[in-house]
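>>> Whatever this is, show me its structure:
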Amino acid sequence: MKNMTDSQVNVFKANSPTCLEFFTAWEKTAVVVGTFLSWPTIVEKTLEIMNCQKIGEKYYLVKDVSVVCYDSQHYIYLTIGYIGLILYGVGIPLLGFRLLYRYRFRLFDMQNRYDGSTPLSFLFLGYREKRWYYEFIIMGKKAGLILLSVFLRNYPRYQVIGASLLVQVSFFLHVFLRPYDTITSYGMICNRLESVSLLALVMTLSTGLFFGTIDSGYDLGLFENVLIVLLLFSNGALCLYFFVYFVHLTFKTAKTHFREFINEKLTDESTPCMFKCLSNKKIEYLKDWAGLEMVDDYGIHLKNQVEKEIFTNYFKEKQSKLGILNNKIDSIKKRRVSVKLDKLRSEIQVMEKQRCWQTIQNNRLYAELKKVAMLNKAILNKEELEKLNDVFKLYVEHGIQYNQKINGLYMQELHGMLPETNSFSNENIVISRSPNIVIDATEQITEQIVI
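The predicted structure follows:
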(Lines give C-alpha, C1' and ligand atoms only; values in the text may rest on other atoms or scores of the structure.)
Protein backbone atom coordinates (compact mmCIF):
# COMPACT_ATOMS: atom_id res chain seq x y z
CA MET A 1 0.00 0.00 0.00
CA LYS A 2 3.00 2.33 0.44
CA ASN A 3 3.46 2.46 -3.33
CA MET A 4 -0.22 3.19 -4.03
CA THR A 5 -1.91 6.51 -4.59
CA ASP A 6 -4.72 7.66 -2.28
CA SER A 7 -7.39 6.60 -4.78
CA GLN A 8 -5.78 3.17 -5.21
CA VAL A 9 -5.61 2.74 -1.43
CA ASN A 10 -9.32 3.53 -1.11
CA VAL A 11 -10.22 1.02 -3.83
CA PHE A 12 -7.96 -1.60 -2.22
CA LYS A 13 -9.56 -1.12 1.20
CA ALA A 14 -13.06 -1.22 -0.26
CA ASN A 15 -12.39 -4.54 -2.03
CA SER A 16 -10.35 -6.17 0.75
CA PRO A 17 -11.65 -7.65 4.01
CA THR A 18 -10.76 -6.29 7.42
CA CYS A 19 -8.55 -8.37 9.70
CA LEU A 20 -11.60 -9.50 11.66
CA GLU A 21 -13.51 -10.52 8.52
CA PHE A 22 -10.48 -12.36 7.18
CA PHE A 23 -9.87 -14.24 10.46
CA THR A 24 -13.57 -15.07 10.92
CA ALA A 25 -13.93 -16.48 7.40
CA TRP A 26 -10.86 -18.73 7.60
CA GLU A 27 -11.73 -19.76 11.15
CA LYS A 28 -15.14 -20.89 9.91
CA THR A 29 -13.48 -22.89 7.13
CA ALA A 30 -10.98 -24.48 9.52
CA VAL A 31 -13.69 -25.43 12.03
CA VAL A 32 -15.99 -26.88 9.33
CA VAL A 33 -13.23 -28.92 7.66
CA GLY A 34 -11.76 -30.18 10.93
CA THR A 35 -15.11 -31.00 12.48
CA PHE A 36 -16.51 -32.91 9.52
CA LEU A 37 -13.28 -34.82 8.85
CA SER A 38 -13.04 -35.98 12.48
CA TRP A 39 -16.77 -36.76 12.73
CA PRO A 40 -16.62 -40.44 11.58
CA THR A 41 -13.74 -41.31 13.93
CA ILE A 42 -15.33 -39.68 16.98
CA VAL A 43 -18.71 -41.32 16.30
CA GLU A 44 -17.07 -44.72 15.87
CA LYS A 45 -15.14 -44.43 19.15
CA THR A 46 -18.28 -43.28 20.94
CA LEU A 47 -20.31 -46.24 19.68
CA GLU A 48 -17.62 -48.68 20.77
CA ILE A 49 -18.47 -47.81 24.38
CA MET A 50 -21.96 -49.28 23.82
CA ASN A 51 -20.94 -52.52 22.10
CA CYS A 52 -20.84 -55.31 24.67
CA GLN A 53 -20.72 -59.10 24.38
CA LYS A 54 -21.90 -61.74 26.84
CA ILE A 55 -19.10 -64.04 28.03
CA GLY A 56 -20.24 -66.49 30.67
CA GLU A 57 -22.58 -64.72 33.05
CA LYS A 58 -21.31 -61.19 32.44
CA TYR A 59 -21.10 -58.69 29.59
CA TYR A 60 -17.72 -57.35 28.49
CA LEU A 61 -16.72 -54.57 26.15
CA VAL A 62 -15.95 -55.99 22.69
CA LYS A 63 -13.18 -53.46 22.12
CA ASP A 64 -11.52 -54.32 25.45
CA VAL A 65 -12.74 -57.44 27.25
CA SER A 66 -11.02 -56.34 30.46
CA VAL A 67 -13.81 -53.78 30.91
CA VAL A 68 -17.01 -55.12 32.49
CA CYS A 69 -20.19 -53.66 31.04
CA TYR A 70 -23.22 -52.32 32.87
CA ASP A 71 -21.52 -51.67 36.19
CA SER A 72 -21.40 -48.27 37.90
CA GLN A 73 -18.26 -47.13 36.08
CA HIS A 74 -19.52 -48.28 32.65
CA TYR A 75 -22.83 -46.47 33.17
CA ILE A 76 -20.84 -43.25 33.59
CA TYR A 77 -19.11 -43.93 30.25
CA LEU A 78 -22.48 -44.75 28.66
CA THR A 79 -24.00 -41.49 29.88
CA ILE A 80 -21.10 -39.47 28.50
CA GLY A 81 -21.24 -41.49 25.26
CA TYR A 82 -24.98 -40.87 24.76
CA ILE A 83 -24.55 -37.16 25.42
CA GLY A 84 -21.60 -36.97 23.00
CA LEU A 85 -23.49 -38.97 20.37
CA ILE A 86 -26.46 -36.61 20.53
CA LEU A 87 -24.43 -33.40 20.64
CA TYR A 88 -21.70 -34.38 18.17
CA GLY A 89 -22.97 -37.36 16.20
CA VAL A 90 -26.40 -35.86 15.49
CA GLY A 91 -25.83 -32.19 16.33
CA ILE A 92 -22.95 -31.55 13.90
CA PRO A 93 -24.81 -32.78 10.77
CA LEU A 94 -27.94 -30.87 11.81
CA LEU A 95 -25.94 -27.70 12.44
CA GLY A 96 -24.17 -28.02 9.07
CA PHE A 97 -27.48 -28.64 7.30
CA ARG A 98 -29.02 -25.60 8.98
CA LEU A 99 -26.13 -23.37 7.93
CA LEU A 100 -26.38 -24.53 4.31
CA TYR A 101 -30.18 -24.39 4.29
CA ARG A 102 -29.99 -20.72 5.17
CA TYR A 103 -27.97 -20.00 2.00
CA ARG A 104 -29.41 -22.83 -0.13
CA PHE A 105 -30.35 -20.55 -3.05
CA ARG A 106 -27.07 -18.59 -2.98
CA LEU A 107 -24.48 -21.24 -2.27
CA PHE A 108 -22.81 -20.93 -5.67
CA ASP A 109 -22.87 -17.13 -5.98
CA MET A 110 -19.53 -16.67 -4.16
CA GLN A 111 -19.24 -12.97 -4.93
CA ASN A 112 -17.43 -12.43 -1.64
CA ARG A 113 -15.10 -15.20 -0.50
CA TYR A 114 -15.13 -13.93 3.09
CA ASP A 115 -18.88 -13.72 3.60
CA GLY A 116 -22.07 -15.73 3.23
CA SER A 117 -21.77 -19.38 2.27
CA THR A 118 -18.23 -19.28 0.85
CA PRO A 119 -16.48 -20.36 4.11
CA LEU A 120 -18.80 -23.41 4.08
CA SER A 121 -17.86 -24.42 0.52
CA PHE A 122 -16.22 -27.62 1.84
CA LEU A 123 -19.75 -29.01 2.33
CA PHE A 124 -21.27 -28.30 -1.09
CA LEU A 125 -18.62 -27.39 -3.66
CA GLY A 126 -18.55 -29.89 -6.50
CA TYR A 127 -22.22 -30.84 -6.28
CA ARG A 128 -24.99 -29.56 -8.51
CA GLU A 129 -27.02 -26.55 -7.37
CA LYS A 130 -30.07 -28.70 -6.67
CA ARG A 131 -28.03 -31.30 -4.77
CA TRP A 132 -26.34 -28.98 -2.28
CA TYR A 133 -27.39 -31.34 0.56
CA TYR A 134 -25.66 -34.46 -0.82
CA GLU A 135 -22.76 -34.26 1.66
CA PHE A 136 -25.21 -35.16 4.43
CA ILE A 137 -26.30 -38.24 2.48
CA ILE A 138 -22.61 -39.17 2.36
CA MET A 139 -22.48 -38.69 6.14
CA GLY A 140 -25.49 -40.99 6.50
CA LYS A 141 -23.64 -43.63 4.47
CA LYS A 142 -20.59 -43.22 6.73
CA ALA A 143 -22.82 -43.60 9.80
CA GLY A 144 -24.26 -46.84 8.37
CA LEU A 145 -20.79 -48.25 7.76
CA ILE A 146 -19.74 -47.29 11.29
CA LEU A 147 -22.74 -49.08 12.80
CA LEU A 148 -21.98 -52.20 10.77
CA SER A 149 -18.29 -52.18 11.69
CA VAL A 150 -18.98 -51.70 15.41
CA PHE A 151 -22.04 -53.82 16.21
CA LEU A 152 -21.54 -56.63 13.66
CA ARG A 153 -17.83 -57.06 14.19
CA ASN A 154 -18.26 -60.64 15.43
CA TYR A 155 -20.75 -61.55 12.68
CA PRO A 156 -18.78 -61.19 9.42
CA ARG A 157 -21.42 -62.76 7.16
CA TYR A 158 -24.15 -60.40 8.36
CA GLN A 159 -21.66 -57.55 8.21
CA VAL A 160 -20.99 -58.27 4.52
CA ILE A 161 -24.71 -58.55 3.76
CA GLY A 162 -25.45 -55.25 5.52
CA ALA A 163 -22.58 -53.47 3.80
CA SER A 164 -23.67 -54.82 0.40
CA LEU A 165 -27.23 -53.55 0.92
CA LEU A 166 -25.94 -50.16 2.07
CA VAL A 167 -23.69 -49.80 -0.99
CA GLN A 168 -26.56 -50.80 -3.31
CA VAL A 169 -28.79 -48.14 -1.75
CA SER A 170 -25.94 -45.64 -2.19
CA PHE A 171 -25.62 -46.61 -5.86
CA PHE A 172 -29.35 -46.15 -6.50
CA LEU A 173 -29.28 -42.76 -4.76
CA HIS A 174 -26.29 -41.72 -6.85
CA VAL A 175 -27.94 -42.75 -10.13
CA PHE A 176 -31.25 -41.14 -9.17
CA LEU A 177 -29.89 -37.86 -7.80
CA ARG A 178 -26.78 -37.43 -10.03
CA PRO A 179 -25.19 -35.20 -7.38
CA TYR A 180 -22.23 -33.89 -9.37
CA ASP A 181 -22.41 -31.32 -12.13
CA THR A 182 -23.50 -32.78 -15.47
CA ILE A 183 -21.85 -30.02 -17.56
CA THR A 184 -18.32 -29.48 -16.26
CA SER A 185 -15.56 -32.00 -16.95
CA TYR A 186 -14.93 -32.33 -13.20
CA GLY A 187 -18.58 -33.14 -12.47
CA MET A 188 -18.90 -35.67 -15.28
CA ILE A 189 -15.74 -37.54 -14.28
CA CYS A 190 -16.88 -37.54 -10.63
CA ASN A 191 -20.25 -39.03 -11.60
CA ARG A 192 -18.50 -41.66 -13.70
CA LEU A 193 -15.89 -42.55 -11.07
CA GLU A 194 -18.48 -42.70 -8.30
CA SER A 195 -20.69 -45.02 -10.37
CA VAL A 196 -17.95 -47.49 -11.28
CA SER A 197 -16.51 -47.48 -7.76
CA LEU A 198 -19.90 -48.25 -6.20
CA LEU A 199 -20.48 -51.01 -8.74
CA ALA A 200 -17.07 -52.48 -7.90
CA LEU A 201 -17.95 -52.38 -4.19
CA VAL A 202 -21.29 -54.12 -4.79
CA MET A 203 -19.57 -56.82 -6.83
CA THR A 204 -16.78 -57.28 -4.28
CA LEU A 205 -19.13 -57.55 -1.31
CA SER A 206 -21.61 -59.78 -3.12
CA THR A 207 -18.80 -62.08 -4.25
CA GLY A 208 -17.61 -62.39 -0.67
CA LEU A 209 -20.87 -64.15 0.23
CA PHE A 210 -19.87 -67.12 -1.94
CA PHE A 211 -16.65 -67.66 0.00
CA GLY A 212 -18.28 -67.94 3.41
CA THR A 213 -16.11 -67.28 6.45
CA ILE A 214 -13.19 -68.92 8.17
CA ASP A 215 -15.54 -70.46 10.74
CA SER A 216 -17.68 -72.06 8.05
CA GLY A 217 -14.70 -74.06 6.76
CA TYR A 218 -15.62 -73.75 3.08
CA ASP A 219 -13.06 -75.05 0.62
CA LEU A 220 -12.35 -72.94 -2.47
CA GLY A 221 -13.40 -74.78 -5.62
CA LEU A 222 -13.18 -73.88 -9.30
CA PHE A 223 -16.13 -71.48 -9.12
CA GLU A 224 -14.61 -69.53 -6.23
CA ASN A 225 -11.22 -69.39 -7.96
CA VAL A 226 -12.80 -67.97 -11.12
CA LEU A 227 -14.61 -65.35 -9.02
CA ILE A 228 -11.34 -64.35 -7.37
CA VAL A 229 -9.67 -63.86 -10.77
CA LEU A 230 -12.61 -61.79 -12.07
CA LEU A 231 -12.65 -59.76 -8.87
CA LEU A 232 -8.94 -59.00 -9.08
CA PHE A 233 -9.22 -58.10 -12.76
CA SER A 234 -12.19 -55.75 -12.29
CA ASN A 235 -10.72 -53.98 -9.27
CA GLY A 236 -7.37 -53.70 -11.05
CA ALA A 237 -9.07 -52.13 -14.06
CA LEU A 238 -10.89 -49.70 -11.77
CA CYS A 239 -7.63 -48.70 -10.05
CA LEU A 240 -6.02 -48.19 -13.47
CA TYR A 241 -8.95 -46.01 -14.54
CA PHE A 242 -8.52 -43.83 -11.45
CA PHE A 243 -4.75 -43.71 -11.98
CA VAL A 244 -5.05 -42.56 -15.60
CA TYR A 245 -7.43 -39.78 -14.60
CA PHE A 246 -5.15 -38.59 -11.80
CA VAL A 247 -2.10 -38.63 -14.10
CA HIS A 248 -4.04 -36.54 -16.63
CA LEU A 249 -5.15 -34.12 -13.91
CA THR A 250 -1.61 -33.90 -12.51
CA PHE A 251 -0.17 -33.15 -15.94
CA LYS A 252 -2.76 -30.47 -16.60
CA THR A 253 -2.18 -28.82 -13.20
CA ALA A 254 1.62 -29.02 -13.54
CA LYS A 255 1.41 -27.42 -16.98
CA THR A 256 -0.57 -24.49 -15.56
CA HIS A 257 1.86 -23.98 -12.67
CA PHE A 258 4.85 -24.24 -15.00
CA ARG A 259 3.47 -21.48 -17.21
CA GLU A 260 2.90 -19.30 -14.17
CA PHE A 261 6.46 -20.01 -12.98
CA ILE A 262 7.92 -19.03 -16.38
CA ASN A 263 5.92 -15.81 -16.52
CA GLU A 264 7.08 -14.88 -13.03
CA LYS A 265 10.74 -15.96 -13.02
CA LEU A 266 11.91 -15.98 -16.64
CA THR A 267 12.34 -12.32 -17.59
CA ASP A 268 14.76 -10.29 -19.66
CA GLU A 269 16.61 -9.23 -16.50
CA SER A 270 16.97 -12.62 -14.83
CA THR A 271 17.14 -16.26 -15.90
CA PRO A 272 16.76 -19.10 -13.37
CA CYS A 273 19.58 -21.63 -13.14
CA MET A 274 17.45 -24.42 -14.57
CA PHE A 275 17.07 -22.47 -17.86
CA LYS A 276 20.69 -21.32 -18.32
CA CYS A 277 21.63 -24.49 -20.19
CA LEU A 278 19.03 -23.72 -22.86
CA SER A 279 19.74 -21.77 -26.01
CA ASN A 280 18.31 -18.30 -26.54
CA LYS A 281 15.94 -19.67 -29.17
CA LYS A 282 14.44 -22.20 -26.77
CA ILE A 283 14.16 -19.61 -24.02
CA GLU A 284 12.27 -17.28 -26.36
CA TYR A 285 10.04 -20.20 -27.33
CA LEU A 286 9.26 -20.86 -23.65
CA LYS A 287 8.45 -17.18 -23.11
CA ASP A 288 6.12 -17.14 -26.10
CA TRP A 289 4.44 -20.37 -24.95
CA ALA A 290 3.96 -19.12 -21.41
CA GLY A 291 2.74 -15.74 -22.66
CA LEU A 292 -0.10 -17.22 -24.69
CA GLU A 293 -3.47 -16.09 -23.41
CA MET A 294 -5.06 -18.77 -21.24
CA VAL A 295 -8.73 -18.71 -22.11
CA ASP A 296 -10.97 -19.69 -19.21
CA ASP A 297 -13.17 -22.60 -20.27
CA TYR A 298 -14.95 -22.68 -16.86
CA GLY A 299 -14.09 -26.34 -16.42
CA ILE A 300 -16.27 -27.28 -19.41
CA HIS A 301 -15.00 -29.19 -22.44
CA LEU A 302 -15.50 -26.45 -25.04
CA LYS A 303 -14.24 -27.16 -28.55
CA ASN A 304 -14.22 -23.82 -30.35
CA GLN A 305 -14.38 -20.07 -29.86
CA VAL A 306 -18.15 -19.87 -30.38
CA GLU A 307 -18.78 -22.29 -27.54
CA LYS A 308 -16.43 -20.31 -25.28
CA GLU A 309 -18.22 -17.08 -26.13
CA ILE A 310 -21.59 -18.64 -25.21
CA PHE A 311 -20.48 -19.45 -21.67
CA THR A 312 -18.37 -16.29 -21.34
CA ASN A 313 -21.48 -14.25 -22.05
CA TYR A 314 -23.48 -16.30 -19.52
CA PHE A 315 -20.99 -15.87 -16.69
CA LYS A 316 -20.43 -12.18 -17.42
CA GLU A 317 -24.16 -11.48 -17.37
CA LYS A 318 -24.53 -13.53 -14.21
CA GLN A 319 -21.74 -11.65 -12.47
CA SER A 320 -23.05 -8.22 -13.47
CA LYS A 321 -26.69 -8.86 -12.54
CA LEU A 322 -26.34 -11.12 -9.52
CA GLY A 323 -25.46 -8.45 -6.95
CA ILE A 324 -28.26 -6.16 -8.14
CA LEU A 325 -30.86 -8.94 -7.98
CA ASN A 326 -29.74 -10.13 -4.54
CA ASN A 327 -29.84 -6.61 -3.10
CA LYS A 328 -33.34 -5.99 -4.43
CA ILE A 329 -34.58 -9.35 -3.16
CA ASP A 330 -33.03 -8.73 0.28
CA SER A 331 -34.77 -5.35 0.49
CA ILE A 332 -38.20 -7.04 0.50
CA LYS A 333 -39.34 -7.21 4.11
CA LYS A 334 -41.73 -10.13 3.68
CA ARG A 335 -39.48 -13.11 4.32
CA ARG A 336 -41.75 -15.60 2.56
CA VAL A 337 -41.86 -13.50 -0.62
CA SER A 338 -38.10 -12.87 -0.67
CA VAL A 339 -37.37 -16.61 -0.23
CA LYS A 340 -39.70 -17.50 -3.12
CA LEU A 341 -38.06 -14.89 -5.35
CA ASP A 342 -34.62 -16.13 -4.34
CA LYS A 343 -35.62 -19.67 -5.22
CA LEU A 344 -36.95 -18.59 -8.62
CA ARG A 345 -33.77 -16.59 -9.29
CA SER A 346 -31.66 -19.64 -8.53
CA GLU A 347 -33.78 -21.94 -10.72
CA ILE A 348 -33.73 -19.47 -13.64
CA GLN A 349 -29.96 -19.20 -13.28
CA VAL A 350 -29.58 -22.98 -13.42
CA MET A 351 -31.98 -23.18 -16.36
CA GLU A 352 -30.00 -20.58 -18.32
CA LYS A 353 -26.79 -22.50 -17.71
CA GLN A 354 -28.45 -25.69 -18.96
CA ARG A 355 -29.79 -23.75 -21.95
CA CYS A 356 -26.26 -22.66 -22.89
CA TRP A 357 -25.07 -26.26 -22.71
CA GLN A 358 -28.04 -27.51 -24.78
CA THR A 359 -27.29 -24.84 -27.38
CA ILE A 360 -23.72 -26.11 -27.63
CA GLN A 361 -24.87 -29.73 -27.92
CA ASN A 362 -27.38 -28.73 -30.60
CA ASN A 363 -24.67 -26.91 -32.57
CA ARG A 364 -22.38 -29.93 -32.30
CA LEU A 365 -25.06 -32.20 -33.77
CA TYR A 366 -25.52 -29.93 -36.78
CA ALA A 367 -21.74 -29.69 -37.17
CA GLU A 368 -21.63 -33.49 -37.22
CA LEU A 369 -24.39 -33.46 -39.82
CA LYS A 370 -22.33 -31.14 -42.03
CA LYS A 371 -19.25 -33.33 -41.53
CA VAL A 372 -21.11 -36.47 -42.60
CA ALA A 373 -22.45 -34.73 -45.69
CA MET A 374 -19.06 -33.32 -46.69
CA LEU A 375 -17.16 -36.60 -46.19
CA ASN A 376 -19.63 -38.76 -48.13
CA LYS A 377 -20.45 -36.55 -51.11
CA ALA A 378 -17.45 -37.82 -53.09
CA ILE A 379 -18.65 -41.45 -53.10
CA LEU A 380 -22.22 -40.66 -54.23
CA ASN A 381 -23.56 -40.36 -57.75
CA LYS A 382 -25.51 -37.34 -58.95
CA GLU A 383 -28.93 -38.66 -57.95
CA GLU A 384 -27.75 -39.70 -54.49
CA LEU A 385 -25.98 -36.36 -54.04
CA GLU A 386 -29.24 -34.53 -54.74
CA LYS A 387 -30.98 -36.66 -52.12
CA LEU A 388 -28.18 -35.93 -49.66
CA ASN A 389 -28.55 -32.20 -50.32
CA ASP A 390 -32.31 -32.46 -49.80
CA VAL A 391 -31.79 -34.23 -46.46
CA PHE A 392 -29.20 -31.69 -45.39
CA LYS A 393 -31.38 -28.77 -46.46
CA LEU A 394 -34.40 -30.25 -44.66
CA TYR A 395 -32.44 -30.63 -41.42
CA VAL A 396 -30.88 -27.17 -41.51
CA GLU A 397 -33.96 -25.29 -42.68
CA HIS A 398 -36.28 -26.91 -40.18
CA GLY A 399 -33.65 -26.54 -37.43
CA ILE A 400 -33.30 -22.80 -38.03
CA GLN A 401 -37.06 -22.27 -38.27
CA TYR A 402 -37.72 -24.32 -35.13
CA ASN A 403 -35.09 -22.51 -33.06
CA GLN A 404 -36.23 -19.08 -34.25
CA LYS A 405 -39.84 -19.91 -33.49
CA ILE A 406 -39.00 -21.15 -30.00
CA ASN A 407 -36.88 -18.06 -29.33
CA GLY A 408 -39.66 -15.84 -30.64
CA LEU A 409 -42.24 -17.44 -28.34
CA TYR A 410 -39.79 -17.27 -25.44
CA MET A 411 -39.10 -13.56 -25.99
CA GLN A 412 -42.77 -12.83 -26.62
CA GLU A 413 -43.62 -14.17 -23.17
CA LEU A 414 -40.90 -12.05 -21.58
CA HIS A 415 -41.97 -8.91 -23.46
CA GLY A 416 -45.54 -9.46 -22.28
CA MET A 417 -44.43 -9.19 -18.65
CA LEU A 418 -43.09 -5.64 -19.06
CA PRO A 419 -45.75 -2.88 -19.35
CA GLU A 420 -43.54 -0.65 -21.51
CA THR A 421 -43.04 -3.40 -24.09
CA ASN A 422 -46.69 -4.39 -24.44
CA SER A 423 -46.91 -2.00 -27.36
CA PHE A 424 -44.54 -4.23 -29.33
CA SER A 425 -46.53 -5.79 -32.11
CA ASN A 426 -46.21 -9.40 -33.10
CA GLU A 427 -45.59 -8.22 -36.64
CA ASN A 428 -42.14 -6.99 -35.63
CA ILE A 429 -41.30 -10.40 -34.26
CA VAL A 430 -42.53 -12.10 -37.43
CA ILE A 431 -40.58 -9.71 -39.65
CA SER A 432 -37.39 -10.38 -37.69
CA ARG A 433 -37.97 -14.08 -38.28
CA SER A 434 -38.66 -13.83 -41.98
CA PRO A 435 -38.59 -17.21 -43.77
CA ASN A 436 -36.57 -15.67 -46.59
CA ILE A 437 -33.61 -15.28 -44.26
CA VAL A 438 -33.83 -18.94 -43.32
CA ILE A 439 -34.07 -20.06 -46.94
CA ASP A 440 -31.18 -17.83 -48.02
CA ALA A 441 -28.96 -19.15 -45.24
CA THR A 442 -29.94 -22.73 -46.03
CA GLU A 443 -29.28 -22.27 -49.74
CA GLN A 444 -25.81 -20.84 -49.02
CA ILE A 445 -24.88 -23.85 -46.88
CA THR A 446 -26.35 -26.28 -49.41
CA GLU A 447 -24.33 -24.63 -52.18
CA GLN A 448 -21.18 -25.35 -50.15
CA ILE A 449 -22.13 -29.01 -49.93
CA VAL A 450 -22.76 -29.22 -53.68
CA ILE A 451 -19.46 -27.51 -54.49
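>>> Show me how the record splits the chain into domains.
As assigned by automatic domain parsing, the chain contains the domains 22-128, 303-370, 380-451.
>>> farthest residue from the center of the chain?
The C-alpha centroid of the chain is most remote from E57, which lies 54.2 Å away (CA atoms, centre = their mean).
>>> Could you report the separation of that residue from A237?
53 Å (CB to CB, to the nearest Å). All C-beta atoms are positioned from the backbone trio N, CA, C, and that covers glycine.
>>> what's the answer for V229, then?
On the measure of CB to CB, V229 and A237 end up 13 Å apart.
>>> Surely E269 is in a strand?
No - E269 is assigned coil when assessed by DSSP: H, G, I helix; E, B strand; the rest coil, not a strand.
>>> And G187, how close does it get to Y180?
On the measure of CB to CB, G187 and Y180 end up 4 Å apart.
>>> How about A163?
Distance from A163 to Y180, counting by CB to CB: 23 Å.
>>> Now for C69: which residues touch it?
C69 sits next to C52, K58, Y59, Y60, L61 when contact means CB atoms under 8 Å, 6 or more residues apart in numbering.
>>> how about 7 Å then?
Residues in contact with C69 (CB atoms under 7 Å, 6 or more residues apart in numbering) are C52, Y59, Y60, L61.
>>> so the second one bridges to which residues?
Yep, that's Y59 we're talking about. For Y59, the residues forming beta bridges with it (DSSP bridges) are K54.
>>> Confirm for me that it is in contact with V65.
No - counting by CB atoms under 7 Å, Y59 does not reach V65; the two are 10.1 Å apart.
>>> Looking at the two, which one has more neighbours?
Comparing Y59 with V65 by other CB atoms under 10 Å, the one with more neighbours is Y59, at 16 against 12.
>>> for the stretch 51-200 of the chain, what spans make up the helices?
Assigned by DSSP state H, counting those that start in this stretch, the stretch 51-200 of the chain shows helices spanning 72-84, 91-102, 134-151, 156-177, 185-211.
>>> So what does the nearest residue to L61 once chain neighbours are set aside have for phi and psi?
Excluding the flanking residues, the one nearest L61 by CB to CB, 6 or more residues apart in numbering is V67, at 4.1 Å. Main-chain dihedrals, V67, degrees, to the nearest 10: phi -100, psi 120.
>>> how far away is V67 from V339?
As judged by CB to CB, V67 and V339 stand 51 Å apart.
>>> go on, Q361?
Looking at Q361 against V339, where the rule is CB to CB, the gap reads 33 Å.
>>> which residues of the stretch 251-400 of the chain score low on pLDDT?
268, 291-298 (pLDDT under 70).
>>> what helices or strands is the longest helix along the chain leaning on?
Ranked by residue count, the top helix of the chain under DSSP state H comes out as helix 222-265. Helix 222-265 is packed against helix 185-211, helix 280-291, with contacts defined by 3 or more CB pairs under 7 Å, 6 or more residues apart in numbering; DSSP states H and E.
>>> Tell me which of those helices lies nearest to P156.
helix 185-211 (8.9 Å; CB to CB).
>>> quick check: angle from the closest one to helix 222-265?
160 degrees (axes from the mean of the first three to the mean of the last three CA atoms, to 10 degrees).
>>> Please name every helix or strand in contact with helix 185-211.
If contacts are counted by 3+ CB pairs under 7 Å, 6+ apart, helix 185-211 sits against helix 156-177, helix 222-265.
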